[in-house]
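Novice: Okay, here's the prediction I keep looking at, along with the sequence it came from:
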Amino acid sequence: MTRPEQTLHAANLAFEHPRVIDLVARGAMLNPDGTALVHLNTPDDAGTAPIAHDRLMGLLSAAAGRFRVLAQNENDGAGDNGPVVAILVPSCPSLVVALWAAMWAGVAMPLNLLFSREAIAAQLAASGARLLIVPPAGAPAGLYEKVAGLDAEIPGLRIVTATVDGTVAFDGEMLEPDPDWRSRLTESRASADPDRVAALYPTGGTTGAPKLARLTERNMVASAIGSMLSIDYRADDRMLAGLPLFHVGGAFVGCLASLAAGAAMIIPTLAGFRHPAVVAGFWSIVERHRITIGALVPTSLGAVAAVPTGGADLSSLRFVGTGASTCPPEVLKRFLAAWGGDAVRQVYGMTEFAGAIAQVHHDVTPDGAAVGLPLAQADVAILTDDGKLHQGPSTPTGELLVRGPQVFAGYVDARQTAGAFHDGWLRTGDICRIGETGQLHIAGRIKDLIIRGGHSIDPMALEDAAMAHPGVALAAAVGLPDAYAGEVPMLFVVPTAGASADLADLPAFIDARIFEAPARPRRIEQIDDMPLTPVGKIFKPRLRELAAEHAARAIIATAAPDAGATVQAVTDGTRGLHLRLDLPPGIDADSADRIRAALGELPLAVVG
């Protein structure tokens with residue numbers, strides 16, 4: 001199918017299925033008795049009783065009705081879009097049911113499990129949430145304990161518990177499927193509005209003030225259809241869900257797209273690929289459950305690549321998608337070598353676009369390190385420094401802009417929406433060029449978010465914490481390239497006059513002020529002068545170069561400490577941030593190969 005044909009097909013599907021619930025129901029119409037969900041309590045589990053697509057729709061109908069009743073109280077608070085249902089549940093059938101049922105009943109707000117209590121409270125207040133769904137007391141990860149008592153602090157909020165063992169129950173009452181879901185679907189569709197806001201997705205990291213993206217039915221439907229066609233989900237597919245469902249990638253590239261096709265989704269324990277045994281047992285899970293599609297973040301891909309296949313039958317696996325952050329070429333190379341297949345495809349997107357902007361389509365050969373072609377109905381353009389827009393193929397490098405039915409309806413706080421658009425195009429904040437084949441090549445980010453294994457970290461949280469220390473004059477946080485996580489936080493500080501010796505307590509000082517462990521800086525570097533722009537702003541591109549050089553030199557010191565190799569980090573308009581490697585004359589081939597292989601694990605191009 002050519003791209004114009006795919007775009008037309010996507011538009012027709014969106015017209016036929018205008019709401020998220022209609023798209024889920026499509027899978028039930030195509031494959032009613034086929035498996036929709038399988039939950040693995042342990043990595044070697046044969047799976048809880050599979051939930052068929054028809055049964056899933058019955059559960060969604062019953063849950064939507066339950067949520068409407070539970071959200072009623074003496075305050076009118078629901079609003080035109082229905083009650084806001086916040087969901088703090090790990091990946092399991094209860095989360096899947098809660099997510100799509102909440103969108104049918106009102107507005108879903110899935111929460112990152114790493115959110116601190118303070119961040120959760122801020123987002124509940126900003127959204128006007130009526131229900132907060134969490135696992136019961138004593139469940140893994142202590143999520144209930146984290147939010148206990150918030151219902152007494154936030155007016156109109158009710159906490160509802162949900163089972164996480166593969167069953168679906170709310171407040172201790174097992175959910176029974178609604179046998180009349182088809183008629184209820186038809187009745188509700190009569191007043192359907194594709195432009196109704198049906199989800200609020202937190203974006204911009206897990207610290208600081210909440211930034212909630214408003215996603216409409218149209219946004220989410222267009223996103224899921226685009227991914228369904230790009231990945232080529234089929235009714236007989238069995239997708240191993242390794243992307244978190246509280247993220248737009250896991251929700252729309254993975255879950256909704258597979259459900260709409262009538263495919264099955266296998267959930268590998270509550271912890272997913274954060275469970276060491278899931279990583280160790282990945283290949284046996286593929287064999288046991290005849291997995292056809294895998295979805296993993298690059299860090300998980302790298303961890304699995306180090307696990308021997310043990311002779312497992314992997315003939316069912318036809319496609320592996322990876323996203324949330326850039327996949328280092330060396331990680332990709334190792335995974336392909338371990339698997340023996342060749343279809344690992346990059347996915348690139350953002351919350352404000354309701355999922356994927358581009359993917360390497362299932363039938364397209366990747367163009368080097370490109371993140372793929374724009375999805376159906378998505379238009380892309382490059383904005384250069386001279387203010388001109390360029391549409392591909394073969395564009396100069398500039399900021400990537402995107403438009404289409406997937407573009408969000410702004411933030412809950414309208415003031416935060418300012419600057420998100422340029423003449424009707426959504427600004428991604430990413431530096432990109434469009435190649436000769438039309439695929440997108442991401443060269444870096446204009447925005448300063450640090451993305452640690454798909455976990456977004458706001459650098460201002462680190463900077464504000466450091467600046468609270470009396471011995472710090474200036475602070476700036478950037479990503480330190482990392483072979484496993486893509487990047488980790490690194491903090492540069494300029495001490496106040498005579499305070500250098502007083503900064504020994506700075507790491508502990510900062511840790512006490514950063515709620516989430518992943519956001520704490522991996523390294524703190526004291527410098528005499530902060531690089532500044534001519535107008536006095538901190539020049540972070542230079543700091544990223546310094547961080548990249550630190551990471552590269554540490555790797556070289558381990559790979560070949562006596563080789564005499566040097567490295568420099570450089571940023572230009574073609575390659576973005578990259579490394580220039582200088583090997584001394586006469587270096588032995590083995591040392592040179594070790595250095596190149598080790599540097600290849602970083603998410604940076606290496607020249608020389």
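Specialist: Everything's here; your move. Numbering: from 1, shown residues only.
Novice: C-alpha from now on. contacts and neighbour counts both.
Specialist: Noted.
Novice: for A62, helix, strand, or coil?
Specialist: What DSSP: H, G, I helix; E, B strand; the rest coil gives for A62 is helix.
Novice: ok, it - contacts?
Specialist: 175-178 (CA atoms under 8 Å, 6 or more residues apart in numbering).
Novice: Alpha carbons of the helix or strand A257 falls within, in PDB - could you do that?
Specialist: Using DSSP states H and E, A257 sits in helix 257-260. Extracted in PDB, the C-alpha atoms of helix 257-260 (Å, rounded to 0.1, in the frame of the first residue of the first chain):
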ATOM      1  CA  ALA A 257      -3.500  -0.400  17.700                       C
ATOM      2  CA  SER A 258      -3.300  -4.100  18.500                       C
ATOM      3  CA  LEU A 259      -6.800  -4.300  20.000                       C
ATOM      4  CA  ALA A 260      -8.300  -2.500  16.900                       C
END
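Novice: quick one on the thing from earlier: can you turn the buried part of the contacts of A62 into a ChimeraX selection?
Specialist: A single ChimeraX command is used to select the members of the contacts of A62 judged buried by 16 or more other CA atoms under 10 Å:
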select :175,177,178
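Novice: Please render the contacts of A62 as JSON lines that adds secondary structure to the earlier fields.
Specialist: Output for those, formatted as JSON lines (three-state DSSP):
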{"residue": "L175", "secondary structure": "coil"}
{"residue": "E176", "secondary structure": "coil"}
{"residue": "P177", "secondary structure": "coil"}
{"residue": "D178", "secondary structure": "coil"}
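Novice: how about the helices of the stretch 501-608 of the chain, start to end?
Specialist: 506-511, 540-559, 589-599 (DSSP state H, counting those that start in this stretch).
Novice: who are the neighbours of the last one, in terms of helices and strands?
Specialist: With contacts defined as 3 or more CA pairs under 8 Å, 6 or more residues apart in numbering; DSSP states H and E, the secondary structure elements packing on helix 589-599 are helix 540-559.
Novice: Name the next helix or strand following the host helix or strand of L132 along the chain.
Specialist: Taking DSSP H and E as the criterion, L132 maps to strand 131-134. Going down the chain from strand 131-134, the next helix or strand is helix 143-147, by DSSP H and E.
Novice: can you list contacts of that following helix?
Specialist: Contacts for helix 143-147 (CA under 8 Å, 6+ apart): 88-89, 113, 116-117, 120, 134-138.
Novice: do that again at 6 Å, thanks
Specialist: Contact partners of helix 143-147, identified using CA atoms under 6 Å, 6 or more residues apart in numbering, comprise 117, 134-137.
Novice: if we can go back for a sec, which one of the helices of the stretch 501-608 of the chain lies closest to A280?
Specialist: Among the helices of the stretch 501-608 of the chain, helix 589-599 comes nearest to A280, with 23.0 Å by CA to CA.
Novice: Buried residues, the closest one. List them.
Specialist: Applying a neighbour-count criterion of 16+ other CA under 10 Å, one finds 591-592, 595-596, 598-599 buried in helix 589-599.
Novice: and of those, the nearest to I21?
Specialist: Distances from I21 to the buried residues of helix 589-599, taken by CA to CA, are shortest for L599, at 46.1 Å.
Novice: May I have the secondary structure class of the most centrally placed residue in the chain?
Specialist: For the chain, the residue nearest the mean C-alpha position is A324 (4.2 Å; CA atoms, centre = their mean). Following three-state DSSP, we place A324 in the coil state.
Novice: which residues touch it?
Specialist: Contacts of A324 (CA under 6 Å, 6+ apart): G454.
Novice: and the gap between G254 and P531?
Specialist: 42 Å (CA to CA, to the nearest Å).
Novice: What are the phi and psi values at the residue lying farthest from the centre of the chain?
Specialist: No residue in the chain sits farther from the centre than G586, which is 45.0 Å out by CA atoms, centre = their mean. Backbone torsions for G586, taken as degrees, to the nearest 10, come to phi 80, psi 0.
Novice: Distance of it relative to A557?
Specialist: Taking CA to CA, one finds G586 at 18 Å from A557.
Novice: what about H361, which SS state?
Specialist: coil.
Novice: H17: which of the contacts of A62 is nearest?
Specialist: Checking the contacts of A62 one by one against H17 (CA to CA), the nearest turns out to be D178, at 20.8 Å.
Novice: Check what pLDDT the closest one gets.
Specialist: Per-residue confidence at D178 stands at 97 (pLDDT).
Novice: swap in G204?
Specialist: With respect to pLDDT, G204 has a value of 58.
Novice: cool, and V107?
Specialist: 97.
Novice: Can you read off the backbone torsions of it?
Specialist: According to degrees, to the nearest 10, V107 has phi -130, psi 130.
Novice: From L474, how far off is it?
Specialist: Distance from V107 to L474, by CA to CA: 42 Å.
Novice: Equivalent analysis for A378, please.
Specialist: 41 Å.
Novice: Next: V85.
Specialist: 41 Å.
Novice: Compare those two and say which is more crowded by neighbours.
Specialist: V85 (33 against 18; other CA atoms under 10 Å).
Novice: Below-threshold pLDDT in the stretch 201-350 of the chain: ranges please.
Specialist: 204-210, 325-326, 328, 330 (pLDDT under 70).
Novice: In it, mark out all the strands, start to finish.
Specialist: 212-216, 238-241, 264-268, 293-296, 319-322, 344-350 (DSSP state E, counting those that start in this stretch).
Novice: now the stretch 451-600 of the chain
Specialist: Using DSSP E, counting those that start in this stretch, strands in the stretch 451-600 of the chain cover 455-457, 472-482, 486-495, 523-526, 566-572, 576-582.
Novice: Can you report how many residues neighbour D195?
Specialist: D195: 15 neighbours (other CA under 10 Å).
Novice: sorry, back to before: can I get the strands of the stretch 201-350 of the chain in CSV with distance to N81 and mean neighbour count?
Specialist: Listed next are the strands of the stretch 201-350 of the chain as CSV, based on distance: least, CA to CA, whole Å; neighbours: other CA atoms under 10 Å:
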stretch, distance to N81, mean neighbour count
strand 212-216, 10, 25
strand 238-241, 29, 26
strand 264-268, 29, 27
strand 293-296, 32, 24
strand 319-322, 33, 23
strand 344-350, 24, 23
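Novice: quick one, which of the ones you listed is nearest to F539?
Specialist: Comparing the strands of the stretch 201-350 of the chain by CA to CA, strand 344-350 comes nearest, at 24.8 Å.
Novice: Who are the packing partners of that closest one?
Specialist: Contact partners of strand 344-350 among helices and strands, from 3 or more CA pairs under 6 Å, 6 or more residues apart in numbering; DSSP states H and E: strand 319-322, strand 355-359.
Novice: what comes into contact with the first one?
Specialist: Spelled out, that is strand 319-322. With CA under 6 Å, 6+ apart, strand 319-322 has contacts from 293-297, 343-347.
Novice: how does the protein divide into domains?
Specialist: 3-432, 450-530, 550-607 (automatic domain parsing).
Novice: Run through the residues that contact V221.
Specialist: V20.
Novice: Right, I'll call it a day here.
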